[in-house]
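Engineer: Next come a sequence and a model predicted from it.
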Amino acid sequence: MSALRIVLADDHQLFRTGLRQLIERHPSVTVVGEAATGIAAIDVTKRLLPDLLLLDISLPELNGIEVARRLTQELPDVRILIISMHSDRRYVVEALRAGAKGYLLKDSSPDEMVRAIQKVMRGHFYLSAQINEQVVADFVRQSKSADATAFSVLSAREREVLQLIAEGKTTKQIAELLNLSAKTVETHRMHIMDKLQLHTLPELTRYALREGLTSLE
C-alpha cells in the first residue's frame, strides 16, 4: 500500500517543521512538500498532487479559505484539512463551504490530528473536538440569509485584492501577484470600496482583519 502523501501550508517554518516531524513518525505517511504563502500552497499542490493538504487559514498573499475554494474546484481529489488557531464558527463555516473536509485546532493533541487525517481520508468530515458540530450545522443553515460577510458581498477576486491591500501591497505589487493590469486592480479597489462603503485604507484593513481575510501575524 502506497504512503499517504501530504503537503503542509503554514507561514511559520517552526510550526511546519514540528508538524512534519510529528507526521513522519507514521511510516505510512510522507510529507512531500511545504508552502509558506497561499499562492505557494496552490502552486505546490498543483505540482505535487498530494492526497491531502494540511492548510492554515492565516496565510499571506492568499488566505487559506480562498486557497481551499480554488483547489476544490481545480483538484477535487485532493482532500483539504484546515489546521487553524481560530475557533470562531465563521472561520469554520467558511472553510467547509470552500471545500475543506475537516477543521482542526492547532492546540489539538497529536492523537487527534491522526484521527482527523484518517477520517478525512476515509471520505468523512472532521471537526475538532472543541467545535460543536450542531452549532456549526445550525449556523450554516441560518447564515444563508443572515448578515452579509466578505464572502457573500465580495467576489473571489475582490477578496484576493482586499487581502493584499490590507497586507500593505502596492497596486503594482498586487497586479504582479495576480497577473492583472494596474488599472484592473484599481477598478477592483473602487468596487470593493463601493460595496463595503469604506473609503480609507485603515477602514479596509480593519474590515479585512475582522472578516478573517488576513491577520496581524
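Structural biologist: Done, it's in. Since the model is a prediction, treat every value here as computed from it, not as a measurement.

Engineer: contacting residues for Y207?
Structural biologist: Residues counted as contacts of Y207 (Cβ atoms under 8 Å, 6 or more residues apart in numbering) are A150, L162, L196, L198. Every residue, glycine included, has its C-beta placed from N, CA and C.

Engineer: at 10 Å what do you get?
Structural biologist: Neighbouring residues of Y207 by Cβ atoms under 10 Å, 6 or more residues apart in numbering: A150, L154, L162, A166, I192, L196, L198, L213.

Engineer: Pick the one among these closest to D107.
Structural biologist: L213 (23.1 Å; Cβ to Cβ).

Engineer: list the contacts for the closest residue to the closest one other than its chain neighbours?
Structural biologist: Residue nearest to L213 in three dimensions, not counting chain neighbours: Q163, with 4.5 Å by Cβ to Cβ, 6 or more residues apart in numbering. Contacts for Q163 (Cβ under 10 Å, 6+ apart) come out as 38, 59-63, 66, 150, 169, 174, 208, 211-214.

Engineer: about what we covered before: between the contacts of Y207, which is nearest H26?
Structural biologist: Of all the contacts of Y207, H26 sits closest to L213, with 34.0 Å by Cβ to Cβ.

Engineer: ok, now how distant is the residue nearest the centre of the chain from Q21?
Structural biologist: Against the mean C-alpha coordinate of the chain, by Cα atoms, centre = their mean, the closest residue is G64 at 1.3 Å. Note on G64: its distance to Q21, by Cβ to Cβ, to the nearest Å, is 22 Å.

Engineer: Do you know the pLDDT at the closest residue to K101 other than its chain neighbours?
Structural biologist: Nearest non-adjacent residue to K101, counting by Cβ to Cβ, 6+ apart: V120, 4.5 Å away. What the model reports for V120 is a pLDDT of 94.
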